[in-house]
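Q: only the shape, not the letters, is given here:
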């Protein structure tokens, strides 16, 4: 859930709970006020009746017979309240109601039902009427339950209206403040995504709040550490690649100069022995032919191994010639089973040795993997040399329908990724339509020139 909405929901729920508590207190207070008013009314009217008895006892008399409710009736009390005086001698009681009950309820039925069940409104207040220790009767005042419910509902409605407006204003204010406070979170998330995509030079700005500032400082420190580790790793990988290429160059030279020359010498000696054997010992001709076949086979293997270690064209003619020779060799070996097509755009001579050899090794590894696993009938190799970058794309129509994972694809893909990362390049894998694998490598030329300096 969104943090803003989550906090706002929690605040609204707390406000609602507080509002319910306040509403219950208001209803209870309204009931207490109504009950207290009824008691005060009973006490006031009881004193009036006792005053009338006092006047009668002292012989002053009064115009109307006892009990006289006239003064109370004309005093403007709330309608719906009923009085009842019950004499102590058992004579007939006398009752009087001020106005009528409310005819139309202006409150919901559920409110009236709940209020009646909880507070039981309309309870009568009974006050004895006595003078000089003699009980003359009892006064009963029965308030209007509807009037009490109406008063409680009006108070509740006013409270709800005021509280609703207040809660809405508070929620809007809180939402606005939370939006301002959480605004740096979007900047932090965007910065982390940039770092996730490999842009470790991205840094978070300074924030006003200390909490956000500490988070930004920690992320920037982590980015610095990762950048340093990545730089050290790239330097190490590049150094290993250079060492590996140096060893391959040394092995290729030794194989060509020493082992190849020795095999050629053996082949020449075998031819000389064959000539002598033809004249003096024909039985040795078959043996000399066997030696020639062995040395020829070994020479072919040496030539193939030299091509894999260090193509002869690479030293003399450069990347383009080496790639053409590589593709021609694969076409010759595969026959009609797989056709390899090479397309080079741009000047390969603008590349230095390290990026040139890297592109050649990646192409070599891709073609080897295709021959082993893809079961493809067509392979397309595209090399585009631009002003700032070199883009190599190797696509096949093999059986691949899902992307290979780095931890399950052997050392081939891992080696390609390490070579590309060492030169600050980019490696992308995609599935062709309807099947097959597309490998795209982009190497920045300027960065590679700096690495090879």
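A: Perfect, thanks for sending it. Nothing here was measured: the structure is a model prediction, and the numbers come from that model.
Q: residue contacts, residue 66?
A: Counting by CB atoms under 8 Å, 6 or more residues apart in numbering, residue 66 makes contact with 49, 52-53, 56. (Glycine included, C-beta is placed from N, CA and C.)
Q: any of those residues buried? List them.
A: By the neighbour-count criterion of 16 or more other CB atoms under 10 Å, these include these buried positions: 49, 52-53.
Q: need the residues you listed in TSV (columns: secondary structure).
A: As requested, these are exported to TSV (DSSP: H, G, I helix; E, B strand; the rest coil):
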residue	secondary structure
49	helix
52	helix
53	helix
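Q: ok, those residues vs residue 122, which is closest?
A: Proximity of those to residue 122, judged by CB to CB, is greatest for residue 49, which lies at 22.5 Å.
Q: shouldn't the closest one be in contact with residue 67?
A: Yes. Here residue 49 lies in contact with residue 67, judged by CB atoms under 8 Å, at a distance of 5.1 Å.
Q: which residues are in contact with each of these two?
A: Residues touching both residue 49 and residue 67 by CB under 8 Å, 6+ apart: 85, 129.
Q: could you pull out the strands for the stretch 201-350 of the chain?
A: Listed in chain order, the strands of the stretch 201-350 of the chain (DSSP state E, counting those that start in this stretch) span residues 339-345.
Q: residue ranges in it under the pLDDT threshold?
A: Within the stretch 201-350 of the chain, the set of residues satisfying pLDDT under 70 comprises 307, 310-313, 315.
Q: now do the helices in it.
A: Using DSSP state H, counting those that start in this stretch, the helices assigned to the stretch 201-350 of the chain run over residues 210-254, 260-280, 285-309, 312-316, 319-334.
Q: out of these, deepest packed?
A: When neighbours are counted by mean count of other CB atoms under 10 Å, the highest per-stretch mean among those falls to helix 319-334, a mean of 18.
Q: next, the angle strand 339-345 makes with that helix.
A: Relative orientation of helix 319-334 and strand 339-345, computed by axes from the mean of the first three to the mean of the last three CA atoms, to 10 degrees: 170 degrees.
Q: helix 319-334 to helix 285-309, inter-axis angle?
A: Interaxial angle of helix 319-334 relative to helix 285-309 (the same axes, to 10 degrees): 130 degrees.
Q: reformat the helices of the stretch 201-350 of the chain as TSV; add distance to residue 404.
A: As requested, the helices of the stretch 201-350 of the chain are exported to TSV (distance: least, CB to CB, whole Å):
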stretch	distance to residue 404
helix 210-254	21
helix 260-280	37
helix 285-309	23
helix 312-316	28
helix 319-334	21
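Q: out of those, which comes closest to residue 197?
A: helix 210-254 (12.5 Å).
Q: on that earlier part again, pLDDT and distance to residue 431 added to the contacts of residue 66, as TSV?
A: As requested, the contacts of residue 66 are arranged in TSV below (pLDDT from 0 to 100; distance: CB to CB, whole Å):
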residue	pLDDT	distance to residue 431
49	84	102
52	81	107
53	82	108
56	80	113
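Q: which among these gets closest to residue 93?
A: Within these, the smallest distance to residue 93 is 13.2 Å, found for residue 49 (CB to CB).
Q: mind listing what the closest one touches?
A: Contacts for residue 49 were tallied using CB under 8 Å, 6+ apart; they are 66-67, 85, 129, 136, 139.
Q: which of these count as buried?
A: In those, burial by neighbour count holds for 66-67, 85, 129, 136, 139, counting by 16+ other CB under 10 Å.
Q: one step back: now, which of the contacts of residue 49 lie within strands?
A: Assigned to strands by DSSP state E, the following of the contacts of residue 49 qualify: 85, 129, 136, 139.
Q: just put those residues in TSV and tack on pLDDT and distance to residue 213.
A: Supplementary listing: the ones in strands among the contacts of residue 49 in TSV, determined by pLDDT from 0 to 100; distance: CB to CB, whole Å:
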residue	pLDDT	distance to residue 213
85	87	80
129	88	79
136	87	84
139	89	75
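Q: now the stretch 51-200 of the chain, which segments are flagged as low pLDDT?
A: By pLDDT under 70, the low-scoring segments of the stretch 51-200 of the chain are 61-64, 73-79, 99-105.
Q: let's go with 80 and repeat that
A: The model of the stretch 51-200 of the chain has pLDDT under 80 over residues 57-80, 96-106, 197-200.
Q: residue 367 is in what secondary structure piece?
A: When secondary structure is defined using DSSP states H and E, the element that contains residue 367 is helix 353-369.
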